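Colleague: task: produce atomic coordinates for the following.
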Amino acid sequence: SAKKWPEELINNIVGNHYDGQHNIRPGDSAVPQGIQPLPLTPQTQYLGVLLDAGRHYYPTRWIKNLLDTLYVLRYNLVHFRLTDDQAFSANLTSQPNLAMPAFGYNHTYSVGELRDLVAYAQARNITLMPEVNMPGHAGGWGNIPGLVLDCPKFACTKAYGIPLDISNPRLLGIVRDVLMELRDIFSTSDYFHLGGDEVHMAMPCFRELGLQIYDYNSFEQDLKKILKEVGIPQAKVLRWETTGQKANWRAGDMTQWWLSHPSEPRNRATAKNASYFISAGLYMDTDLNANAWNLYSRAREWGLKKDHPLPTAIVAGTFELGKEEWFEKNIVGRLLGIAIAATGDVYDNATAFERVYDEHCRATGIDPRLCKLRGTPIDAAKHRTMNWRPVMRGKWGKIMCEEVKTR
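Modeller: Numbers count the residues shown, from 1 in each chain. Sure, this is the predicted structure:
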């Protein structure tokens, strides 16, 4: 059981095992002495992991420990989700009223903290790529009245997929301010993520208000103009793979595939030979029994698919997971499995893979007790019987309901 593990392990990713060598202070981005990357070379330009600050707050010290660990594992990208229905985690100078802490937390990230994290990551050859969700999954924009549709029944039941009110004349100016400032803060990132999936999930909200679902094509055309104004090239803008909705024209030329692969027949017309990110098969919030060998196999299947161009990035998905779940689900142990897969090295069976995995895990300095788990959850019995999503969404729904009632 996780309760038997030392408190310092439970509260941190890998027990802050670098802290004895490095006292992390704001503005201090030097790589700690003695931390060395593993001899793993990804075949893709980026090997990344998602951090869901659109639903949880992660203390900056915790993020820096994560960045140290990712540096050792040879990851060079953090997909930093700043918004979702539950939060707008950036306290921006241009639009400070947008800042909305994740439910259950009292903090958002100041501009200074974000710049400090960007610099800390850059010193480790890691890019922080921001994501702000639009036009769906936009409940976090609700701290400014009128920016999201106000549908209390939907918010108090489903609480998932709240849309921007694109009819609000103030919206585009605020979007422009947000993108301009985030582009400056995250200047080291070649890519910018604007969400963009699951807009169909807001249908009950529109029905509650007696409205037809918006035609988002006009909004996307306006968004394209804003991107040009703030200097973010279309070729560097990512959107999520669309599901359950018409594939309307959207700003941004790149797709992050999370449910399917661009090589599938249904996707070939839209995917063509475009650059892409892949997260399909690598979600860790819903898979209760995965381990490092499972993730290694999936990363090879989805990320290094034969007879198809390599993705620009392989990005592991950790949606909806706070730092406690990162520990309980042993995410770092699984990330090592993906890192081994990204090299292209082939291991035909779990036994051969585990020999290599154990060797690399020992070399990281990660607590040996975690290495022995080989990516399985800390409390495997709990995770076989627990579905995290309904639990989390139920909690979020109650809090979002109260939030809507007090607006």
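
Colleague: quick one: buried residues of stretch 94-113?
Modeller: 95, 98-103, 105, 108-111, 113 (16 or more other CB atoms under 10 Å). Heads up, the C-betas are built off the backbone N, CA and C, glycines and all.

Colleague: how about those, which pair is most distant?
Modeller: Spanning the widest gap among the buried residues of stretch 94-113 are F103 and V111, at 22.7 Å by CB to CB.

Colleague: so the spatially most central residue of the chain bridges to which residues?
Modeller: The chain has L50 as the residue nearest its centroid, 2.9 Å off, counting by CA atoms, centre = their mean. Taking DSSP bridges as the rule, L50 bridges to H79.

Colleague: give the contact list for it.
Modeller: 78-79, 81, 279, 315-319 (CB atoms under 8 Å, 6 or more residues apart in numbering).

Colleague: neighbour-wise, which of the residues you listed leads?
Modeller: V315 (28 neighbours; other CB atoms under 10 Å).

Colleague: just checking, S29 touches A119?
Modeller: Yes - using CB atoms under 8 Å, S29 is in contact with A119, at 4.7 Å.

Colleague: which one's more surrounded, the two?
Modeller: S29 (18 against 14).

Colleague: separation between that one and P265?
Modeller: 46 Å (CB to CB, to the nearest Å).

Colleague: one more: F88?
Modeller: For F88 relative to P265 (CB to CB), the value is 38 Å.

Colleague: more neighbours: the two, which one.
Modeller: Neighbour count, other CB under 10 Å: between F88 and P265, F88 has more, with 30 against 6.

Colleague: what sits closest to F319 if chain neighbours are left out?
Modeller: The shortest distance from F319 to any non-neighbouring residue, by CB to CB, 6 or more residues apart in numbering, is to D285 (4.7 Å).

Colleague: what does T343 give?
Modeller: Counting by CB to CB, 6+ apart, the residue nearest T343 is L40, at 5.2 Å.

Colleague: try G140
Modeller: Per CB to CB, 6+ apart, closest to G140 is F88, 3.8 Å.

Colleague: just grab the bridge partners of the one you found for me.
Modeller: Residues in beta-bridge contact with F88 (DSSP bridges): T83, M100.

Colleague: please shift the residue numbers so they start at 87 in all later answers.
Modeller: Will do, 87 is the new start, and the previous item becomes F174.

Colleague: pretty sure it sits against L184.
Modeller: Yes - the pair F174 / L184 is scored as a contact, 4.9 Å apart, by CB under 8 Å.

Colleague: on that earlier part again, least confident of the buried residues of stretch 180-199?
Modeller: Minimum pLDDT across these is recorded for F189, with 82.

Colleague: sec struct for it, please.
Modeller: coil (DSSP: H, G, I helix; E, B strand; the rest coil).

Colleague: distance check, it against P238.
Modeller: 17 Å.

Colleague: next: Y132.
Modeller: Distance from Y132 to P238, by CB to CB: 41 Å.

Colleague: again with K391
Modeller: Taking CB to CB, one finds K391 at 45 Å from P238.

Colleague: same thing with G282?
Modeller: 25 Å.

Colleague: more neighbours: these two, which one.
Modeller: Per other CB under 10 Å, whichever of G282 and P238 has more neighbours is G282, with 28 against 14.

Colleague: that older thread, which pLDDT does the model give the residue nearest to T429?
Modeller: At L126, pLDDT is 97.

Colleague: and for P112?
Modeller: With respect to pLDDT, P112 has a value of 64.

Colleague: same question for the one 10 residues further on.
Modeller: Turning to Q122, the model gives it a pLDDT of 88.

Colleague: what's the burial count for it?
Modeller: 12.

Colleague: for the one 5 residues further on, same thing?
Modeller: Here the count is done by other CB under 10 Å, and T127 has 13 residues near it.

Colleague: excluding chain neighbours, what is closest to it?
Modeller: Nearest to T127 is T429, by CB to CB, 6+ apart, at 5.9 Å.

Colleague: tell me the contacts of that neighbour?
Modeller: 126-129.

Colleague: filter those residues down to the ones in helices?
Modeller: Using DSSP state H, no member of those falls in helices.

Colleague: tell me the buried residues within those.
Modeller: Applying 16+ other CB under 10 Å to the contacts of T429 flags 126, 128 as buried.

Colleague: and the two most separated of the contacts of T429?
Modeller: Longest span within the contacts of T429, CB to CB: L126 and Q129, 10.5 Å.

Colleague: quick check: neighbours shared by those two?
Modeller: 428-429.

Colleague: circling back to that earlier point, these two touch, right, the residue nearest to T429 and N162?
Modeller: No - if you go by CB under 8 Å, L126 and N162 don't touch, sitting 11.3 Å apart.

Colleague: quick one: N254 from P221, how far?
Modeller: 11 Å.
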